[in-house]
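# Any chance you can model this:
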Amino acid sequence: MKTEEFFLEPNFPGEYQALGLVEGVWFPRASKATTGWLLCDGGCRQIESTLMRDVKDFVYSHSDISQTLNYFNVYPRTVNGQLNFQVTFLHNSNAANWKDWHQQLEANADRFRLRGAIRSLKKDALVMHIQQNVKPGKTPNIQFEVEVLGEVDSLVSGQFVEVFAQRTGYALEIESVELIEDVRVPSIAWAR
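Have a look, this model is predicted:
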């Protein structure tokens, strides 16, 4: 299964998305904390992370979670130049269809789908502006940026793009970029 097929299709053309799948071990700052790190790449990378409410309840009701390698759905963000994750879902190896699902998870680990407006372009990177909970006619309630490394020819700030990326170490690297719409005002991209 291709990465493009693994992630859910957008509900409408200008829908913002920032979602990835990471294989790692949850390591909390303190007992029952919602902040901590996902230990990735065999524990060699510690990526600052936060558990969302529903995931926290599940993680702390299963004591073995922070001792075993798991697959986590995450929202990536760039905060103070560093890659951070908000953990939104944990794939449970006790699920009935785990054997079939595990192959898809393994094939798509450390892959990300980002849809948003280009905030700025750097020499070898683009910074994307992402908005959460954006629906036509509604005001977004969460806005953030994600930096993705790679060369991007012929793109300019304000364009709405879809990026598929791979996590390498502490960075997301571009696999492919598709221009969705040439919008100069990112906040109205969804309305077009």
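# Please count neighbours and contacts with C-alpha atoms only from this point.
OK.
# Tell me which other helices or strands the lengthiest helix in the chain touches.
Scanning the chain for the longest helix, with DSSP state H as the assignment, gives helix 98-108. Using 3 or more CA pairs under 8 Å, 6 or more residues apart in numbering; DSSP states H and E, the elements in contact with helix 98-108 are helix 3-6.
# The next helix or strand after the helix it packs on vs helix 98-108, what angle?
The C-terminal neighbour of helix 3-6 among helices and strands, as given by DSSP states H and E, is strand 17-28. Angle, strand 17-28 to helix 98-108, by axes from the mean of the first three to the mean of the last three CA atoms, to 10 degrees: 110 degrees.
# what sits up against strand 17-28?
10, 34-43, 65-76, 105, 108-116, 130-132 (CA atoms under 8 Å, 6 or more residues apart in numbering).
# and if you look at stretch 70-90?
With CA under 8 Å, 6+ apart, stretch 70-90 has contacts from 18-25, 47-52, 54-55, 91-92, 105, 109, 144-147, 170-171.
# and that stretch, which residues are buried?
70-78, 83-90 (16 or more other CA atoms under 10 Å).
# what about the longest helix of the chain, average pLDDT?
For helix 98-108, the mean pLDDT works out to 82.
# got it, and stretch 178-192?
60.
# Stretch 68-75 too?
86.
# Can you tell me how far the residue nearest to Glu175 when sequence neighbours are not counted is from Val87?
Spatial nearest neighbour of Glu175, chain neighbours left out: Ala165 (5.0 Å); criterion: CA to CA, 6 or more residues apart in numbering. Ala165 is 18 Å from Val87, where distance means CA to CA, to the nearest Å.
# Likewise for Met128?
Counting by CA to CA, the gap from Met128 to Val87 is 20 Å.
# again with Glu9
For Glu9 relative to Val87 (CA to CA), the value is 20 Å.
# Please apply the same query to Val22.
In this view, Val22 and Val87 are 9 Å apart by CA to CA.
# ditto for Ser61
For Ser61, the distance to Val87 - CA to CA - is 16 Å.
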